[in-house]
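>>> Coordinates for the following, if possible.
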Amino acid sequence: MFRLWCAAAAAALVLPACVIQSGDLAADGAASAAEASEARATAARDALTDELDAACSKEPGPSRRAQVCHRWRCEGRAGRAAARWTGDAPACVAATPDADAVARALRVLNLHRFLADLPPVRVEEAWASAAQACALVAHANEKLSHTPPPSSRCWSEQAALASSLGLVANRSAPVSIGAFFEDPGNETTMVHRRWLLSDALARVGVGTTDRYACVVVDGRGLGEETEPGLAPGDAAADGSGDDAARPSPRGWAAWPPAGPVPLDVFAAERLDEMGWTVQSDDDDLDRATATVRSSGRSLAVRVTHLTPLLGSRSAIRIVPDGWTTEPGRVYDVSVDGPRPIAFAIEPTDCE
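Residues are numbered from 1 along each chain as shown. From the prediction side, this is the model:
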């Protein structure tokens with residue numbers, strides 16, 4: 001289950017003073033100045049959007065850094081706007097998911113998997129209606145649950161099953177992906193991040209309202225009977241088939257990952273606070289230790305072992321202790337487990 005708590009700030013609306021002239025209401029200069037300021041801000045945003053569109057229409061350079069920054073700038077913005085929703089919670093009308101929002105959510109998810117050097121996933125349409133029913137129940141009850149009781153508003157067996165098989169957020173689908181990677185409130189499991197970085201994941205079902213989302217990662221019982229996440233007909237152990245997930249040859253995945261990582265990721269997903277993670281489906285990391293070094297110095301970290309068998313066989317969480325990541329530096333991570341794991345993280349300013 002995923003929980004995000006948001007504090008809303010209420011601002012008082014102050015009306016500018018008016019003077020009456022010849023029976024008409026004439027506002028003083030404050031309103032026109034505010035309108036002019038807003039117009040300038042809108043024009044600046046439009047200019048930046050046009051500039052970014054022009055940059056995104058060009059091919060990135062050949063370096064990994066150029067490709068990472070290009071995709072982050074151009075595809076990362078897909079997660080900024082919420083989904084549209086034509087459903088009706090009081091009437092328990094789920095409606096169909098906003099196709100544009102589903103596509104944007106998938107784009108953001110696959111962007112994260114690209115950064116982690118993992119294969120992309122695709123949307124499984126056979127899971128869409130169940131995922132949408134799951135999102136509706138969360139929206140109608142304004143509550144996140146993997147086990148919504150039958151007394152819940154808009155409850156159905158399909159919604160209950162999808163809730164048990166999916167990641168649920170109080171954000172619409174495009175916005176939820178970054179929040180799943182942040183994973184607040186789940187510091188002992190980091191289960192949402194681990195599922196989305198799973199080697200085995202090849203398909204997802206996406207349901208969304210304008211305020212809640214459900215991403216099904218294990219569709220057994222919702223359609224074709226296959227292993228979790230694997231495409232129909234591709235559940236063979238050798239991973240053969242066009243749509244099968246291609247597990248990382250390393251046998252592990254990390255977040256933040258090896259190589260260039262946009263500095264925005266560290267800020268937006270609060271990685272230094274929520275923690276870095278290393279997960280494996282091949283090795284047992286329950287007794288693993290980890291160190292982080294930069295510029296030849298060992299940096300203080302807190303290492304915890306995460307609950308096993310939640311999105312990966314095992315995983316550890318590494319939290320910087322008294323320091324934060326900086327652009328331009330390289331952080332060498334070493335994990336001493338059944339097999340040594342070593343990689344270098346390069347926080348990168350993509351501006």
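
>>> In this structure residue 73 contacts residue 348, no?
No: between residue 73 and residue 348 there is no contact under C-beta atoms under 8 Å: 11.6 Å. The C-beta positions use only the backbone N, C-alpha and C, and glycine is treated the same way.

>>> And for the residue nearest to residue 341 when sequence neighbours are not counted, the neighbour number?
Closest residue to residue 341 apart from its sequence neighbours, by C-beta to C-beta, 6 or more residues apart in numbering: residue 335 at 4.0 Å. Applying other C-beta atoms under 10 Å, we find 22 residues neighbouring residue 335.

>>> Now residue 335: which helix or strand?
Per DSSP states H and E: residue 335 is located in strand 331-336.

>>> before we move on, back to that, list the beta-bridge partners for the residue nearest to residue 341.
For residue 335, the beta-bridge partners under DSSP bridges are residue 290, residue 341.

>>> in terms of contact, does residue 275 touch residue 188 like I think?
No: in this structure, residue 275 is not within contact of residue 188 by C-beta under 8 Å, at 10.6 Å.

>>> Can you show me the helices along this structure?
Assigned by DSSP state H, the helices in the chain fall at 29-56, 64-75, 99-115, 128-141, 157-165, 173-182, 191-196, 263-268, 271-274.

>>> Output those helices as JSON lines; include the columns mean neighbour count.
As requested, the helices of the chain are exported to JSON lines (neighbours: other C-beta atoms under 10 Å):
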{"stretch": "helix 29-56", "mean neighbour count": "11"}
{"stretch": "helix 64-75", "mean neighbour count": "18"}
{"stretch": "helix 99-115", "mean neighbour count": "21"}
{"stretch": "helix 128-141", "mean neighbour count": "26"}
{"stretch": "helix 157-165", "mean neighbour count": "21"}
{"stretch": "helix 173-182", "mean neighbour count": "25"}
{"stretch": "helix 191-196", "mean neighbour count": "25"}
{"stretch": "helix 263-268", "mean neighbour count": "18"}
{"stretch": "helix 271-274", "mean neighbour count": "18"}
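
>>> May I see those helices organised as a markdown table, with mean pLDDT added?
What follows is those, written out as a markdown table (pLDDT from 0 to 100):
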| stretch | mean pLDDT |
| --- | --- |
| helix 29-56 | 57 |
| helix 64-75 | 95 |
| helix 99-115 | 97 |
| helix 128-141 | 97 |
| helix 157-165 | 96 |
| helix 173-182 | 97 |
| helix 191-196 | 98 |
| helix 263-268 | 96 |
| helix 271-274 | 98 |
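
>>> closest one to residue 282 among those?
Closest to residue 282 of those is helix 191-196 (C-beta to C-beta; 14.2 Å).

>>> Give me the contact list for the closest one.
Residues from elsewhere that reach helix 191-196 (C-beta atoms under 8 Å, 6 or more residues apart in numbering): 2, 109, 112-113, 167, 177, 180-183, 186, 201, 215, 217, 255, 277, 279, 306-307, 310-312, 315.

>>> could you dump it to PDB, C-alpha only?
This file holds the C-alpha atoms of helix 191-196, laid out as PDB (Å, rounded to 0.1, in the frame of the first residue of the first chain):
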ATOM      1  CA  VAL A 191       8.000  -2.600  -2.100                       C
ATOM      2  CA  HIS A 192       6.600  -0.300  -4.800                       C
ATOM      3  CA  ARG A 193      10.100   0.700  -6.000                       C
ATOM      4  CA  ARG A 194      11.200  -2.900  -6.000                       C
ATOM      5  CA  TRP A 195       8.200  -4.200  -8.000                       C
ATOM      6  CA  LEU A 196       8.700  -1.500 -10.700                       C
END
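
>>> list the contacts for the spatially closest residue to residue 271 that is not a sequence neighbour?
Closest residue to residue 271 apart from its sequence neighbours, by C-beta to C-beta, 6+ apart: residue 256 at 5.8 Å. Residue 256 sits next to 265, 266, 271, 276, 345, 347 when contact means C-beta under 8 Å, 6+ apart.

>>> Mind pulling up the pLDDT for residue 351?
With respect to pLDDT, residue 351 scores 83.
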